[in-house]
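In: let's see this in three dimensions:
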Amino acid sequence: MPPKSSALSAAMAASISKGVDKSITRRQPASTPSPTASTNVDMREAPVGLATPPPSAKKDPPDMHSLPELADQYVLRVSTIEQVEYLNARKFCVKPACWKRWTASDYASFADDLRQQFDPVSLARQRGIPVDEVQQVFSAIVCNPLYDAAEATRRGEEGMQQIFDLYNKYGTPSRVHGKDGAKRIKGELAGIEQGVVVITGTTTGNKYKLPAEQLSEADLEYLEATVTGGEMELLRVGVTNASRDVVMLG
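Out: Just a heads-up that it's a prediction; the model follows:
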C-alpha cells in the first residue's frame with residue numbers, strides 16, 4: 001500500500017487534471033472584431049462569394065459543372081510574374097462600390113512614385129521650355145496636392161464617389177428577375193443565351209441562367225427595352241447559327 005502522502009498527491013493531480021479539462025471545455029474562441037465603417041466604402045449587399053465549400057469526406061464530391069461560376073468582373077486576376085493583382089473585387093470594385101479609403105500616407109507615397117517615374121525632358125523638348133519649368137509645374141499641379149493630407153483626401157473621396165455614382169446611374173441596373181412561384185434572382189443582366197437569360201447575382205457575383213419560361217411580364221418588358229431584336233429572338237426561339245448561340249452584352 002502506498003504512503004498516505006502519495007495517495008494524496010495522486011488525488012490532487014487527478015483533481016487538477018479534471019479541472020483543467022473542464023476549463024478547456026468551457027473556453028470559447030475569441031470573436032474577431034469587424035472593420036469599422038469609417039475606413040471602408042462598401043455599398044454591396046455582401047462581398048463576392050466564392051465557390052461552395054468542399055464537402056465532407058462522407059459525401060460524394062459534387063459535379064464540377066454544378067459549382068457556381070463567378071462573373072468575369074469578379075474573377076481574381078493575378079500576375080505571378082509581376083506579383084500584382086489586376087482585379088480583386090473583394091478589395092476594390094466600382095459596381096457594386098467597394099473601396100477602402102486611402103490614408104494621407106497612401107497619397108504621399110503615390111506622389112513619391114509619380115515623381116520618380118516622371119520624365120520632364122520629353123515635354124520640355126516638345127514645348128521648347130526649360131526642364132526646370134516642367135518640373136515645377138508638375139510639382140504644383142500633381143505632387144503638392146497629394147502631399148497635402150486634407151486636400152488629397154477631399155479630392156480622392158469626392159472623385160471616387162463621382163465614379164461610383166456614374167456607374168450606378170448609367171450602368172446595368174440590379175433588379176429581381178423571375179416570375180412569382182418560380183426561381184427569382186436579384187442581379188444584373190449579363191447576357192442572352194439560347195432560351196435563357198444570364199444574370200450576375202448582386203450578393204454573390206455568381207452567374208445564373210434563368211430559362212425564358214420563368215421570366216415575368218415585367219422581365220420581358222425590361223428586356224424588350226434593353227436588348228436588341230436579335231437577342232430577343234435568340235431568347236424566345238433560339239437560332240441555328242452556332243456563332244450566335246451566345247450573345248454577351250457589352
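In: how far away is Val78 from Tyr86?
Out: Val78 is 7 Å from Tyr86, where distance means C-beta to C-beta, to the nearest Å. Every C-beta, even on glycine, is put in place using the N, C-alpha and C of the backbone.
In: go on, Asp132?
Out: When distances are taken as C-beta to C-beta, Asp132 and Tyr86 turn out to be 37 Å apart.
In: do Gly178 as well
Out: In this view, Gly178 and Tyr86 are 34 Å apart by C-beta to C-beta.
In: of these two, which one has the most company?
Out: Under the neighbour definition other C-beta atoms under 10 Å, Gly178 and Tyr86 were set side by side, and Gly178 has more, 19 against 9.
In: which strands border the longest strand along the chain, and is each parallel or antiparallel?
Out: Of all the elements of type strand in the chain, the one with the most residues (DSSP state E) is strand 185-193. Within its sheet, and counting by DSSP bridges, strand 185-193 is paired with strand 174-177 (antiparallel), strand 196-201 (antiparallel), strand 246-248 (antiparallel).
In: got a list of contacts for the helix or strand where Asn144 lies?
Out: Element membership of Asn144, judged by DSSP states H and E, is helix 144-147. With contacts defined as C-beta atoms under 8 Å, 6 or more residues apart in numbering, helix 144-147 is touched by 107-108, 110-111, 114, 151-152, 155.
In: tell me the domain boundaries of the chain?
Out: Per the record, the chain has its domains at 103-153, 174-248, by automatic domain parsing.
In: these: which one's closest to Asp165?
Out: Closest approach to Asp165 among these is made by domain 174-248 (15.0 Å; C-beta to C-beta).
In: do you know how far Tyr208 is from Ala97?
Out: Applying C-beta to C-beta, the value for Tyr208 to Ala97 is 22 Å.
In: so between these two, which is more surrounded?
Out: Tyr208 (21 against 18).
In: next, that one: secondary structure please.
Out: Secondary structure for Tyr208, judged by DSSP: H, G, I helix; E, B strand; the rest coil, is strand.
In: that one against Ile199, yeah?
Out: Yes: using C-beta atoms under 8 Å, Tyr208 and Ile199 qualify as a contacting pair, with a distance of 4.7 Å.
In: give the residues shared as contacts by the two.
Out: Residues touching both Tyr208 and Ile199 (C-beta under 8 Å, 6+ apart) are 185, 187.
In: any stretches of this protein with poor pLDDT?
Out: Segments of the chain classed as low confidence (criterion: pLDDT under 70) are 1-67, 238-250.
In: so where do the helices sit in it?
Out: All helices of the chain, identified by DSSP state H, fall at 4-26, 104-117, 120-127, 131-138, 144-147, 149-170, 217-226, 229-236.
In: the second one versus helix 149-170: what angle between them?
Out: Spelled out, it's helix 104-117. Interaxial angle, helix 104-117 versus helix 149-170 (axes from the mean of the first three to the mean of the last three C-alpha atoms, to 10 degrees): 90 degrees.
In: then the third one?
Out: Per the same axes, to 10 degrees, the angle that helix 120-127 makes with helix 149-170 is 70 degrees.
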